[in-house]
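Undergrad: Model the following, please.
(one chain, ligands or ions: 1)
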Amino acid sequence: MPFASTDTYYLGLDLSTQQLKCLAINQALQIVHSETVEFDKELPHYESRKGVYVNGDVIDCPVLMWIEAIDLVFKKYVKAQFPLSQVHAISGSCQQHGSVYWSEEGEALLEKLQDKSSGSLIDHLDSSAFSRQTAPNWQDHSTGAQCKELESIVGGPGKLAELTGSRAHFRFTGPQILKVVETEGATYKKTARIMLVSNFLASVFCGKFVGLEEADSCGMNLYDIPSRKLNDKLLQFIDSKSDGQDGLLQKLGGEPMECKTPTPVGKIARYFADVYKLNPECSIFPMTGDNLATICSLPLQSNDVLISLGTSTTVLLVTDQYHTSPNYHMFTHPTIPDHYMGMICYCNGSLAREKVRDQLENDKSWTKFNDAVMDDSLDTSDELGIYFPFGEIVPSVSATYKKVKFDKSTGQITSTVSNFDNARHDAKNIVESQALSCRARISPLLNAVSDPSPKDKNLTVTFDYDTNVPLSEYTCKRPKRVFFVGGASKNDAIVKKFAQVLGATEGNYRLDTPNSCALGGCFIAMWSDAFVSKRTNLPFDQFLNKNFPWDSLDFVCQSQTAQWENYNKMLVPLSRLEAMLD
Ligand code: XUL
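TA: A predicted model of the protein is given here:
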């Protein structure tokens, strides 16, 4: 594609597990170029497999591989004759939770990128810049002991979730750092600075140390979201294990940067201007985590929900409600002040549905399954099923199947059955119960769209840690818009059923998102640059709603209020059914 010599471009990086992608957009928010470096294939000397080293429970990534990948991706841009000098701003998306350990020499080596430069990045930033050559990866699950320690120091998983947005998780950076302190004391001692992957990447671009970005910092189990500072108790606990060295607060470079108004973290380092002819005035804006960048790739506003229907189901939503649970995650929003991103991950998604599909047909076709899901004459109105071939996170239970009948007037479970009439019932019931579970979990994070109905005030439901809540708290909440992504979003029946159950007030959309993380980075760069240079005074969400290429989305349907109300009646039975699970 020829690139206009008058156009202005914005880059969004995506440093994910298996590849580094760099996407370019123009001022019309259209993608104009993309290049990718696949780690295993293009940097084989690191001998990574799917971008990581696996050693039992320990999973980590070579940091120098990422540094070489940055050069490679820009070489590809130069080869494609992309006018890098016309790039005004860069931001990006990075795998969450990973941590990079800089040595005492690291900062000075990094700052050399600001001098007149040639050669390659690795000539400047070699292994001596890092006290640990690898960064723990989000798939690591070796920190069970540390998770228990951090939870108990604040009073348990619920308390840690209230403080930091999540209970302790193996992959979260706090437990990972604590493990380094406890098991690699010498390495920790030699570490001058610890970064998340997001501020590591921003630092390389700027040729100087850049602070933590707030939203991605919520993936550490260390950042106290309500008081918007790193939690003293947790930091002191980690410090108490590290015999009198610099405190962790200092090693992290102080408090994360809040997102109040967009602020560049620096200009592109001279190295990139000399070697790749990037404009030395190009601004670098804070990079964030990949899920956070994903919500920035769409015009999501408060009460909007993104549902990824993949092997697992992931729900991301934008909210002004800080409501925590040990079963899901809250992060601050990277670009909308005083807003949050909720993230709910289910294990049982497509594979569970496929098992039911295979009972109806043996050629992997969805025709009969979909027909049953949308068949209004198929009466399943007093049936509910749990289909968890895998252990589930929400609710937190082992693999199980349970099918019940309930009394439609009281919601009480009347009997457990081994099977419904036939597998068509299972097809309809599995999609309904998956959607209903999403509805039950997102409700506390949404704003009410009507007054709580008095008739629902006397009934109560319990979902996970929200115990005995009046049903009326659930039946007055509806999302504004729902955006469906992922493999199963192409399936009309599944999406339409989810739309019926969730009841979005302003419609349901779907889209293909091969680039969502990098695109989120592009949009953050573009809006931030426009805001800083006073070409817009619109907040991020309004800017994106106004300028978004809406024709790239497929409008699926409006949700019908009457259908949504029908599912109000299934919340009590679902709550009762979940109470029966082990
Ligand atoms: C989120 C998580 C993953 C990684 C993938 O908590 O662990 O989505 O961010 O890169």
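Undergrad: The stretch 251-400 of the chain: strands as residue ranges?
TA: 266-267, 283-284, 288-289, 305-309, 313-319, 329-332, 340-346, 383-388, 400-406 (DSSP state E, counting those that start in this stretch).
Undergrad: List the contacts of residue 188.
TA: Listed by Cβ atoms under 8 Å, 6 or more residues apart in numbering, the contact set of residue 188 reads 131, 180, 181, 242, 245. Where you see a C-beta, it was placed from the backbone N, CA and C, and this is true even at glycine.
Undergrad: Now with 6 Å, please.
TA: 180, 181, 242 (Cβ atoms under 6 Å, 6 or more residues apart in numbering).
Undergrad: what about the chain, any weak spots by pLDDT?
TA: 1, 244 (pLDDT under 70).
Undergrad: Domain parsing of it, as residue ranges.
TA: Each domain of the chain is listed here as a residue range: 9-292, 298-512+556-581, per the TED database.
Undergrad: would you list the strands of the stretch 251-400 of the chain in JSON lines and tack on mean neighbour count and distance to the ligand?
TA: Converted to JSON lines, the strands of the stretch 251-400 of the chain look like this (neighbours: other Cβ atoms under 10 Å; distance: least, Cβ to the nearest ligand atom, whole Å):
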{"stretch": "strand 266-267", "mean neighbour count": "19", "distance to the ligand": "24"}
{"stretch": "strand 283-284", "mean neighbour count": "26", "distance to the ligand": "21"}
{"stretch": "strand 288-289", "mean neighbour count": "32", "distance to the ligand": "6"}
{"stretch": "strand 305-309", "mean neighbour count": "26", "distance to the ligand": "10"}
{"stretch": "strand 313-319", "mean neighbour count": "23", "distance to the ligand": "8"}
{"stretch": "strand 329-332", "mean neighbour count": "25", "distance to the ligand": "7"}
{"stretch": "strand 340-346", "mean neighbour count": "23", "distance to the ligand": "7"}
{"stretch": "strand 383-388", "mean neighbour count": "21", "distance to the ligand": "21"}
{"stretch": "strand 400-406", "mean neighbour count": "18", "distance to the ligand": "25"}
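Undergrad: one step back: tell me the most buried of the domains of the chain?
TA: domain 9-292 (a mean of 20; mean count of other Cβ atoms under 10 Å).
Undergrad: measure it end to end?
TA: Domain 9-292 has its terminal residues 22 Å apart, counting by Cα to Cα, to the nearest Å.
Undergrad: what's the answer for stretch 181-189, then?
TA: Note: stretch 181-189 ends 8 Å apart using Cα to Cα.
Undergrad: so which of the domains of the chain comes closest to residue 547?
TA: With Cβ to Cβ as the criterion, residue 547 lies closest to domain 9-292 of the domains of the chain, at 5.6 Å.
Undergrad: which helix in this protein runs the most residues?
TA: Longest helix in the chain, counting residues (DSSP state H): helix 423-442.
Undergrad: the strands in the stretch 401-550 of the chain, which residues?
TA: Assigned by DSSP E, counting those that start in this stretch, the stretch 401-550 of the chain shows strands spanning 413-417, 460-463, 466-470, 482-485, 508-510.
Undergrad: now these in a markdown table, with distance to residue 428?
TA: Shown next, in a markdown table, are the strands of the stretch 401-550 of the chain (distance: least, Cβ to Cβ, whole Å):
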| stretch | distance to residue 428 |
| --- | --- |
| strand 413-417 | 15 |
| strand 460-463 | 22 |
| strand 466-470 | 27 |
| strand 482-485 | 19 |
| strand 508-510 | 19 |
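Undergrad: For these, give me a markdown table that also has distance to the ligand.
TA: Compiled in a markdown table, these are given as follows (distance: least, Cβ to the nearest ligand atom, whole Å):
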| stretch | distance to the ligand |
| --- | --- |
| strand 413-417 | 34 |
| strand 460-463 | 21 |
| strand 466-470 | 22 |
| strand 482-485 | 14 |
| strand 508-510 | 21 |
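Undergrad: looking at the ones you listed, which is closest to residue 76?
TA: With Cβ to Cβ as the yardstick, what comes closest out of the strands of the stretch 401-550 of the chain is strand 482-485 (26.6 Å).
Undergrad: any idea how far the closest one is from the chain center?
TA: Counting by Cα atoms, centre = their mean, to the nearest Å, strand 482-485 is centred 14 Å from the centre of its parent chain.
Undergrad: Ok, stretch 472-483 next?
TA: Per Cα atoms, centre = their mean, the centroid offset for stretch 472-483 relative to its chain is 21 Å.
Undergrad: Now do it: everything it contacts.
TA: 298, 303-306, 443, 446, 448-450, 452-453, 456-457, 502-509, 568, 571.
Undergrad: Isn't residue 277 up against residue 85?
TA: Yes - applying Cβ atoms under 6 Å, one finds residue 277 in contact with residue 85, separated by 5.4 Å.
Undergrad: Get me the contact residues on the stretch 51-200 of the chain for the ligand.
TA: By Cβ under 6 Å from any ligand atom, the part of the stretch 51-200 of the chain that sits against the ligand consists of 95, 96, 97, 138, 171.
Undergrad: Where strands are concerned, which of those residues count?
TA: Secondary structure defined by DSSP state E assigns none of these to strands.
Undergrad: Reformat the residues you listed as JSON lines; add distance to residue 66.
TA: Listed next are those as JSON lines, based on distance: Cβ to Cβ, whole Å:
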{"residue": "95", "distance to residue 66": "10"}
{"residue": "96", "distance to residue 66": "15"}
{"residue": "97", "distance to residue 66": "15"}
{"residue": "138", "distance to residue 66": "14"}
{"residue": "171", "distance to residue 66": "18"}
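Undergrad: what's in contact with stretch 573-582?
TA: Against stretch 573-582 from outside (Cβ under 6 Å, 6+ apart): 384, 395, 397, 400, 404, 406, 411, 413, 436, 461, 462.
Undergrad: need the contact list for the fourth one.
TA: What it means is residue 400. 388, 581.
Undergrad: Use 53 as the first number for this chain going forward.
TA: All set: I'll call the first residue 53, so the last point we hit is now residue 452.
Undergrad: ok, what's across the strand from it?
TA: Note on residue 452: beta-bridge partners by DSSP bridges are residue 440.
Undergrad: Relative to residue 364, how far out is it?
TA: Per Cβ to Cβ, to the nearest Å, residue 452 is found 17 Å from residue 364.
Undergrad: now the fifth one
TA: When Cβ to Cβ is the yardstick, residue 456 and residue 364 sit 24 Å from each other.
Undergrad: helix or strand for the spatially closest residue to residue 299 that is not a sequence neighbour, which one?
TA: Distances taken as Cβ to Cβ, 6 or more residues apart in numbering place residue 291 nearest to residue 299, at 5.1 Å, with adjacent residues excluded. Taking DSSP states H and E as the definition, one finds residue 291 inside helix 284-292.
Undergrad: How far away from the center of its chain is the helix or strand hosting residue 618?
TA: Residue 618 belongs to helix 613-620 when elements are defined using DSSP H and E. For helix 613-620, the separation from the chain centroid amounts to 29 Å (computed by Cα atoms, centre = their mean).
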